[in-house]
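J.: Here is my input; please provide its structure:
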Amino acid sequence: MLKLKNIKKQFGDLTVLDGIDLELKKGEVAAIIGPSGTGKSTLLRCINLLETPTKGTIEIDGFSVDSKNLSPKDCIELRKKTAMVFQNYSLFKNKTVLENIMMPMTLVQKKDKKVAEEEAMALLKKVGLADKRDYYPSRLSGGQQQRIGIARALAVHPEIILFDEPTSSLDPELVNEVLELIRELSNEHECTMLIVTHEMRFALEIANKIIFMEKGKVVEEGSPNELLYNSTNERTRSYFKQFIDN
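T.: So this is what the prediction gives:
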């Protein structure tokens, strides 16, 4: 469903991603973990072409692009298959909650406004915020804003949702409400999810696959049990040891 082959990303002389190969099946939930500064968020941004890989190919649901021969049409088609949930919510401050969710449907998908409003209200109910439809983002808590961001991502019916540290900007008491929503979505198996997170216990609980990255490379990948208890890689074992001990 998602196939990455030899994805590299350089900023000048700095190599951030160094030959990433990765495959996800349809409906799979994968968590990317690892030390800060190892390229996890950059990888997500390369998948939906917010950053153009220096080298490599990306395939989503049978549609493949080569970073060396990208056309504007390729970028549009690939982005139609993905949606991103950002660290900082990225809501339009001058739009209501309902309008924020409707925008990708009316502007990108060209849906009828009435149809888009009905679908947006259904999504607001799904994330438990139907009563906030006419609020502006400034009136919402961080957790509520992130839930709206997730609803907006769902609005375009993507093949894959990319979560970039979805709780990193939240106060500790608001983290659980967002994690619980992601957990509910994962149980529904509606779409594939790739989650960059430092919430280790959440990652181990929710993910079918754990991807451990360091220094721009995939060190090891496998099921939570494989990486946590049965890894043969010394670096993986040392990284996970703190979580076993705690």
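
J.: For the protein, which segments are assigned as strands?
T.: 2-11, 14-24, 29-33, 55-60, 63-66, 82-85, 160-164, 192-196, 209-214, 217-222 (DSSP state E).

J.: ok, the fifth one: who's next to it in the sheet?
T.: Using DSSP bridges, strand 63-66 pairs in its sheet with strand 55-60 (antiparallel).

J.: Asn208 touches Ser223, doesn't it?
T.: Yes - counting by Cβ atoms under 8 Å, Asn208 does reach Ser223; the two are 6.9 Å apart. Any C-beta I mention is one placed from the backbone N, CA and C, and that applies to glycine too.

J.: picking up where we left off before, out of the strands of the chain, the one nearest Tyr136 is which?
T.: strand 82-85 (19.6 Å; Cβ to Cβ).

J.: picking up where we left off before, dump the strands of the chain to CSV, plus mean pLDDT.
T.: As requested, the strands of the chain are exported to CSV (pLDDT from 0 to 100):
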stretch, mean pLDDT
strand 2-11, 97
strand 14-24, 97
strand 29-33, 96
strand 55-60, 97
strand 63-66, 96
strand 82-85, 94
strand 160-164, 96
strand 192-196, 96
strand 209-214, 96
strand 217-222, 96
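
J.: For Tyr89, which non-adjacent residue is closest in space?
T.: Leaving aside its chain neighbours, Tyr89 sits nearest to Gln145 (4.3 Å; criterion: Cβ to Cβ, 6 or more residues apart in numbering).

J.: Tell me how far the one you found lies from Val85.
T.: The gap separating Gln145 from Val85 is 11 Å, by Cβ to Cβ, to the nearest Å.

J.: next one: Ile182
T.: 9 Å.

J.: what touches both of the two?
T.: Ile150, Phe163, Pro166 (Cβ atoms under 8 Å, 6 or more residues apart in numbering).

J.: what about the longest helix in the chain?
T.: helix 172-188 (DSSP state H).

J.: what's next to that one, contact-wise?
T.: Contacts of helix 172-188 (Cβ under 8 Å, 6+ apart): 29, 127-128, 141-143, 146-147, 150, 154, 163, 166-167, 170, 193, 195, 199, 202, 205-206.

J.: Show me which of those residues are buried.
T.: 29, 127, 142-143, 146-147, 150, 154, 163, 166-167, 170, 193, 195, 199, 202, 206 (16 or more other Cβ atoms under 10 Å).

J.: Just the ones of the residues you listed in helices?
T.: Using DSSP H, these in helices are Gly142, Gly143, Gln146, Arg147, Ile150, Leu154, Phe202, Ile206.

J.: Relative to Tyr135, how far out is the fifth one?
T.: When you say that, I think you mean Ile150. Counting by Cβ to Cβ - Ile150 and Tyr135 are separated by 16 Å.

J.: just the second one next, same as before
T.: Going from Gly143 to Tyr135 by Cβ to Cβ gives 14 Å.
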